[in-house]
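Trainee: How does the following fold in three dimensions:
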Amino acid sequence: MTQKHEKIPLKRQMLMKEELAEIKEMIKEMQKIKEETEYLFEVLPSWSQNDPEYQVKAIVNRALKLYSEDRIGLADYALESAGASVLTAYCSETYEKQQIIVTLFGIPLWYRQQSPNVILQPDVYPGNCWAFAGDKGFVTIKLASRIKPTAFTLDHIPKSVSPIGSINTAPRDFSIFGISDPADMTMNLLGKYTYDKNGSPIQTFLVQANPVRSYNIIRMNVDSNWGHPEYTCIYRLRVHGELVN
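Mentor: Next up, the predicted model:
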């Protein structure tokens, strides 16, 4: 007797793919923890009795570097804790209407408006994003160091954890510019990209410009979102590159 296989609905297939991607990311994080633990066991016996503080600082610095490379293995020069900041004078206004409050089963998840600086922080969870009105906006970031940019990473929450069941507030089409001289704020296009709402929540885009100059200021222009009529949310923007001495 031939066994009939039930076809898995497309929506369920997409959810399964997202869950699989999250599991893969968890495995990567566990591998990093394993590597860091092995490193500690290697250096602990070799600590100098005369200068233990130096050894402690070395381990802390290594842990911080590993943290800054979280989940994708690339250092983030737009990380606020490393010294990056948003230039609010060159930034869209924060969306401030009460409709943006998010609740789940009657429990409020977000009452206040987040400042643009939240996109420079690693805490990505529902509601912890910066929102601007409409589907077009921009943000300008002073990097922690001058670099030659090589790639950018845009983070958003997956649909599976969204309280409204969709991520139509996510940026869709966007452009990245480099600014080398803050005196005149002349922008050089580094690339035009599209965030795939059906792809991984963390998406990395390579610099398209060639050759690439060094910059200490980056600007992101959002040209459209995935359909929300009132506002667009950015959860996190990372900037990767080669450090310039």
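Trainee: Return the distance of residue 120 relative to residue 164.
Mentor: Residue 120 is 25 Å from residue 164, where distance means Cβ to Cβ, to the nearest Å. Placement of C-beta: from N, CA and C, glycine included.
Trainee: Between these two, point out the one with more neighbours.
Mentor: residue 120 (26 against 13; other Cβ atoms under 10 Å).
Trainee: ok, the more buried one touching residue 85?
Mentor: Yes - counting by Cβ atoms under 8 Å, residue 120 does reach residue 85; the two are 7.3 Å apart.
Trainee: how about residue 74, phi and psi?
Mentor: Note on residue 74: its backbone torsions stand at phi -130, psi 130 [degrees, to the nearest 10].
Trainee: For it, give me its contacts.
Mentor: 151, 153, 204, 238, 240 (Cβ atoms under 8 Å, 6 or more residues apart in numbering).
Trainee: same thing but at 10 Å, please
Mentor: Contact partners of residue 74, counting by Cβ atoms under 10 Å, 6 or more residues apart in numbering, are 68, 150, 151, 153, 204, 238, 239, 240, 241.
Trainee: Of these, select the buried ones using a ChimeraX command.
Mentor: Filtering those down to the buried ones (16 or more other Cβ atoms under 10 Å) takes a single ChimeraX command:
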select :68,151,153,238,239,240,241
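Trainee: Can I get the contacts of residue 74 in CSV including distance to residue 136, secondary structure and pLDDT?
Mentor: As requested, those are exported to CSV (distance: Cβ to Cβ, whole Å; DSSP: H, G, I helix; E, B strand; the rest coil; pLDDT from 0 to 100):
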residue, distance to residue 136, secondary structure, pLDDT
68, 31, helix, 46
150, 27, strand, 97
151, 24, strand, 97
153, 21, strand, 97
204, 23, strand, 96
238, 22, strand, 97
239, 21, strand, 98
240, 25, strand, 97
241, 26, strand, 96
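Trainee: Which one of the contacts of residue 74 is nearest to residue 77?
Mentor: residue 239 (5.0 Å; Cβ to Cβ).
Trainee: Residue 143 is in contact with the closest one, correct?
Mentor: Yes - look at residue 239 against residue 143 with Cβ atoms under 10 Å: they come within range, at 6.1 Å.
Trainee: overlap in contacts of these two?
Mentor: By Cβ under 10 Å, 6+ apart, the residues touching both residue 239 and residue 143 are 76, 77, 78, 79, 84, 120, 149, 178, 215, 218.
Trainee: Could you break this structure into its assigned domains?
Mentor: The chain is divided into the following domains under automatic domain parsing: 10-68, 80-243.
Trainee: What part of this protein, helix or strand, is modelled with the least confidence?
Mentor: Between all helices and strands in the chain, the lowest mean by mean pLDDT, DSSP states H and E belongs to strand 107-110, at a mean of 52.
Trainee: which element follows that one toward the C-terminus?
Mentor: Downstream of strand 107-110, the first helix or strand assigned by DSSP states H and E is strand 130-133.
Trainee: Now do the buried residues in that following strand.
Mentor: Here strand 130-133 shows 130, 131, 132 as buried, counting by 16+ other Cβ under 10 Å.
Trainee: Alpha carbons of it, as CSV, please.
Mentor: The C-alpha trace of strand 130-133 is given here as CSV (Å, rounded to 0.1, in the frame of the first residue of the first chain):
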residue,chain,number,x,y,z
TRP,A,130,14.4,53.3,16.3
ALA,A,131,11.3,54.3,14.3
PHE,A,132,10.9,57.2,11.9
ALA,A,133,7.7,58.4,10.2
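Trainee: hang on, the earlier thing: please narrow the shared contacts of residue 239 and residue 143 to those residing in strands.
Mentor: Counted as lying in strands by DSSP state E, out of the shared contacts of residue 239 and residue 143, are 149, 178, 215, 218.
Trainee: Next one: the closest residue to the first one other than its chain neighbours from residue 131, what distance?
Mentor: Once flanking residues are discounted, residue 149 sits nearest to residue 241: 4.2 Å by Cβ to Cβ, 6 or more residues apart in numbering. The span separating residue 241 from residue 131 equals 27 Å under the rule Cβ to Cβ.
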